[in-house]
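Asks: With the input below, show me the fold.
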Amino acid sequence: MTTGAVVPGVVLAEIRDTPLSVDEVVEAVRHPSAGAVVTFIGYVRERDHGEPVEVLDYSSHPTADQVAHDLAARFAAEGRVVRLGVVHRTGHLTIGDIAVVAAVSAEHRREAFEVCHALIDEFKSTVPIWKHQTFTDGSDEWVGLP
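Replies: Numbering: from 1, shown residues only. All right, here's what the predicted structure looks like:
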């Protein structure tokens, strides 16, 4: 659930334990003044560090929704985009599942591309979400722990 004050331009900033919809996020950022919508979709891949991945589990800190909302609000406040949205999944995911979706609408494509790129990079590095991946050989690792 999105937390914090309503911020113009931020239409979606959530951490969810249910499957994500690309269409939902894209529709949320569409606006008549936006000539471009850029998306990023992060999928669970079958290999990491050259090793075959079996499954992974995402968990998050209770403040993750607020951190995501604050981050989105900061990007929206720059005034370069019309709307933006970002959602990340938690829980048990398998190969091919969608882990994260970000979408940015802007008047022109350059701003949409630049802001979407920066948003997803900073989201992945600052929102307290941790990945526990299990490899097919039974070994595992945690990614993103402080």
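Asks: and the gap between the residue nearest to the spatial centre of the chain and Gly50?
Replies: Centroid check for the chain by CA atoms, centre = their mean gives Val100 as the closest residue, at 4.0 Å. Computed as CB to CB, to the nearest Å, the Val100 to Gly50 distance reads 22 Å. All C-beta atoms are positioned from the backbone trio N, CA, C, and that covers glycine.
Asks: Show the contacting residues for the residue nearest to the centre of the chain.
Replies: 20, 40-42, 86-89, 120, 123-124 (CB atoms under 8 Å, 6 or more residues apart in numbering).
Asks: In this structure, mark out all the strands, start to finish.
Replies: Under the criterion DSSP state E, strands of the chain are mapped to 10-16, 36-43, 47-48, 51-60, 83-89, 91-94, 98-106, 129-135, 140-143.
Asks: what angle do the fourth one and strand 98-106 make?
Replies: Right, the one you point to is strand 51-60. 70 degrees (axes from the mean of the first three to the mean of the last three CA atoms, to 10 degrees).
Asks: What are the contacting residues of strand 51-60?
Replies: 15, 44-47, 88-95, 99, 127-137, 139.
Asks: for the protein, what are the low-confidence residue spans?
Replies: 1-8 (pLDDT under 70).
Asks: mind running it again at 50?
Replies: 1-6 (pLDDT under 50).
Asks: in the biggest helix by length in it, what's buried?
Replies: In the chain, with assignment by DSSP state H, the single longest helix is helix 109-126. Residues of helix 109-126 classed as buried by neighbour count (16 or more other CB atoms under 10 Å): 111-112, 115-116, 119-120, 123.
Asks: contact partners of it?
Replies: 34-40, 42, 67-68, 71-72, 75, 78, 80-81, 84, 86, 88, 100, 102-106.
Asks: now do stretch 70-87
Replies: With CB under 8 Å, 6+ apart as the criterion, stretch 70-87 contacts 4, 7-16, 20, 25, 28-31, 33-34, 68, 100-107, 111-112, 114-116, 118-120, 122-123, 126-127.
Asks: now the end-to-end length of it.
Replies: End-to-end distance for stretch 70-87: 13 Å, by CA to CA, to the nearest Å.
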